[in-house]
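[1] sequence and predicted structure below; questions after.
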Amino acid sequence: MNFKNFTDKIEDFKNVELGGLDAQFKMAPKLRLQYNKDKIAANKPRKAAVLALFYPNKKNETTLLLTQRPSYKGIHSAQISFPGGKAEKTDGNLKETALRETFEEVGVQTSSIKIIRELTDVYIPPSNFLATPFLGFIDKKPAFILNHEVANTIEILVSDLLNENNITTVNLTTSYMKNIDVPCFKIDDHIIWGATGMMLSEIKELLK
C-alpha cells in the first residue's frame, strides 16, 4: 500500500467499526480463549499500552513497526511485539503510556507521532497484562534509537500483513506451554503470534 493511499484513508480508519474480539480471536492461541471478561477482571490485570506505528519506507510503501525482545530468562524472551509497556503513575492516560514507551524503547519523538485511534484491549495471560493498542503514524521513517528492552526492530509491509497467504499455524514450546499449535503471521521468516498476532488481526481487518 502506497503511503499516500494510507494517509488518505485515515478518516475512514477513525470511524469504521472495529473488528474487536471476533477479529482478534482469529489469531488467538487456545490458552487465551479460556479467559472471558469475568475471569480477566477477577485476575485484576495490570494495565499496559502499545503503539502500532506506521510510516513510509524508501519506496514510499506503508510500513508497520514491530520490535523483538532480547533473549532472557522470562516468559516473553525473544518474542516479537509492538513498542509499549506497563502504565506508570506519571502517565496521564494509556495513550501517554504508549507514546512514552515508544520513545523510551525506539527513540521516536512523541511530538512527531499522530494518533489515529485506540483499538480493542488484549489480555495477556502469562504476564497478566491488559494491553490497550493505539494506532498512529509518522510522516517519514524515523532514526530508531533502541534501549536495552529491544534487540531489533522489525519492519513489515502493510501489503504483507493483508496477504492471506502469510497466515499459518506453527507448533511452539515456550516457558509456559509445550507443543501447542498456534495461529500466526509468517512474514519475512518472522513468526508473529500471541497478543501481537491478535492485535495485528484486528489491525488487518481495519485496514481492509
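    Here it is on my side, so go on. For clarity, every value in this text was computed on a predicted model and none was experimentally measured.
[2] what is the neighbour count of N165?
    7 (other CB atoms under 10 Å). Yep, even glycine has a C-beta here, placed from its N, CA and C like the rest.
[3] quick one: secondary structure of it?
    helix (DSSP: H, G, I helix; E, B strand; the rest coil).
[4] how about the contacts made by E118?
    By CB atoms under 8 Å, 6 or more residues apart in numbering, E118 lies in contact with 94-95, 132-135.
[5] can you pull out the low-pLDDT segments for this protein?
    For the chain, the stretches with pLDDT under 70 are 71-78, 174-177.
[6] OK, contacts around T153?
    65-68, 106, 144, 146.
[7] whatever helix or strand it lives in pairs with which strands, parallel or anti?
    Take DSSP states H and E as the rule and T153 turns out to sit in strand 152-157. Using DSSP bridges, strand 152-157 pairs in its sheet with strand 62-68 (antiparallel).
[8] who does the next helix or strand along the chain from the strand it pairs with pair up with?
    Per DSSP H and E, the first helix or strand lying C-terminal to strand 62-68 is strand 80-81. Neighbouring strands of strand 80-81 in its sheet, by DSSP bridges, are strand 62-68 (antiparallel).
[9] the partner strand: which residues count as buried?
    Across strand 62-68, burial judged by 16 or more other CB atoms under 10 Å covers 62-67.
[10] so who does the residue lying closest to F82 once chain neighbours are set aside touch?
    Excluding the flanking residues, the one nearest F82 by CB to CB, 6 or more residues apart in numbering is V50, at 3.9 Å. Neighbour list for V50: 81-85, 98, 101, 131-134, 199 [criterion: CB under 8 Å, 6+ apart].
[11] what bridges to V50?
    Under DSSP bridges, the beta-bridge partners of V50 are G84, P133.
[12] separation between it and K114?
    Using CB to CB, to the nearest Å, V50 is found at 16 Å from K114.
[13] ok, and what's touching the following helix or strand past the strand holding T153?
    Next along the chain after strand 152-157, taking DSSP H and E as the criterion, comes helix 158-162. The set of residues external to helix 158-162 that reach it, using CB under 8 Å, 6+ apart, is 1, 6, 54, 61-64, 166, 185, 187-188, 200, 203-204, 207-208.
[14] since that was my last question, I'll sign off now.
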